[in-house]
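Asks: fold the following for me, if possible:
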Amino acid sequence: MFRVASALSALILSVSAATAQQVDFDGELRVGATSLNGGEGIGAADLIMGFDFFRTVPLGAELGFYGFAGKAGRPHETYAALTWNDTWRVGFTRSAYDTVLISTFDHTAPRVGSDRVEYTRALATVEPIRRGAVPWGACYTGTLGQTTFVASAHHASKGDFTAVAFAVEREWENFTLAGAVEGVWADIVTTDGVNAKIGGTYDLGSTRLGLAYLHPGANARPDTLALDVAYSPLQGLDLLAFSELSLDDKDDAFGVAADFILRDSTSWIVSATETRQGTAFHATLEQRF
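Replies: Take a look at the predicted model:
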């Protein structure tokens, strides 16, 4: 995956440099430390940069990365795609499934998030991270009023799977509802070949409630209920409690965190988690774009 995406990335960057267009970033970068594995540093990224080749034609490109770096190595997925009008994407694209309802552990404890990728990410993302698959495909993003919908299709010869995903998110004044489904056709899938999730958040002002039901069947994980509560006792501080409760009671995860918001786009997060690996403590600096 890295070699193919790197070649396409180099071509895209050379064209971008020649046309000197503005580059926009979207996503998060995180760096920190955890007490897991006897103590280790951890880096994480879920970031895409995009730009247009021309000022008058909406043809552009995106380069991106989702993954982690620590003692266990650097499991990751790389994105490199051509874009049209910020609507169509063709190449090594992000799955539509990954655009909604991502695990709170990614934000509060990236090391734990790296162990739980299968619960809220697409198989089209899991396979590159776990086994080096190289999925390519296309993605379409559209809006209708306050509703955003995303559809994508992916195929990997290395990895031997085809995946189709659809996600939708609807926003009201204080409430957001989202859902996604991914169908998978592959020899590697030993269960039902479907990932699905549905959930929402309700904003009460100083308190935010989140609930989601996860069915990561294609990723061979049990159905799970995700719960999270965020409370802001004062400006610049969020206190969080969150959990992912597997219906087979074999892979539950719990956490609490304090999110110190240094600027609108920067946070210092201190958290404690309880998982199959035991109790752990984490400190993370997060930069949002």
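Asks: pLDDT weak spots in this protein?
Replies: 1-21, 188-191 (pLDDT under 70).
Asks: for it, which segments count as helices?
Replies: Assigned by DSSP state H, the chain shows helices spanning 2-19, 104-108, 110-115, 117-120, 123-131.
Asks: which other residues reach the third one?
Replies: Judged by CB atoms under 8 Å, 6 or more residues apart in numbering, the contacts made with helix 110-115 from elsewhere in the structure are 30, 32, 34, 36, 40, 42-44, 68, 70, 72, 75, 103, 105-107, 253, 255, 273, 275, 277, 280, 282, 284. The C-beta positions use only the backbone N, C-alpha and C, and glycine is treated the same way.
Asks: cool, and the fourth one?
Replies: With CB under 8 Å, 6+ apart as the contact definition, helix 117-120 has outside contacts at 101-103, 125-126, 129-130, 197, 214, 216, 219-221, 224, 226, 244.
Asks: among the residues you listed, who's most crowded?
Replies: Thr125 (28 neighbours; other CB atoms under 10 Å).
Asks: shouldn't Ser246 be in contact with Pro222?
Replies: Yes. Ser246 sits in contact with Pro222 when judged by CB atoms under 8 Å, with a separation of 4.4 Å.
Asks: show me what the residue lying closest to Asp228 once chain neighbours are set aside is bridged to.
Replies: Closest residue in space to Asp228, ignoring its immediate chain neighbours: Phe242 at 3.8 Å, by CB to CB, 6 or more residues apart in numbering. On the basis of DSSP bridges, Phe242 is bridged to Asp228, Gly255.
Asks: so Phe242 makes contact with His107?
Replies: No. The criterion here is CB under 8 Å, and Phe242 misses it with His107 at 9.2 Å.
Asks: returning to that earlier point: mind listing what the residue nearest to Asp228 touches?
Replies: Taking CB under 8 Å, 6+ apart, we find Phe242 in contact with 104-105, 108, 210, 226-229, 254-257.
Asks: and if you look at Phe175?
Replies: With contacts defined as CB under 8 Å, 6+ apart, the neighbours of Phe175 are 200-203.
Asks: any idea how far Leu204 is from it?
Replies: Distance check for Phe175 against Leu204: by CB to CB, to the nearest Å, it reads 10 Å.
Asks: do Gly60 as well
Replies: With CB to CB as the criterion, Gly60 and Leu204 are 39 Å apart.
Asks: just Ser103 next, same as before
Replies: From Ser103 to Leu204 the distance is 22 Å (CB to CB).
Asks: next, the residue of the chain most remote from its centre: phi, psi?
Replies: Distance to the chain centre peaks in the chain at Thr56, reaching 31.8 Å (criterion: CA atoms, centre = their mean). The phi and psi values for Thr56, taken as degrees, to the nearest 10, are phi -110, psi -10.
Asks: give me the neighbour count for Ala264.
Replies: In this structure residue 264 is Asp, not Ala. By the criterion of other CB under 10 Å, Asp264 has 7 neighbours.
Asks: please verify my assumption that Leu239 contacts Gly255.
Replies: No. Look at Leu239 against Gly255 with CB under 8 Å: they stay out of range, at 11.8 Å.
Asks: now the residue nearest to Thr201 when sequence neighbours are not counted: how far from Trp172?
Replies: Nearest-residue entry for Thr201: Gly210, 4.5 Å, with adjacent residues in sequence omitted and distances by CB to CB, 6+ apart. Distance, Gly210 to Trp172, by CB to CB: 15 Å.
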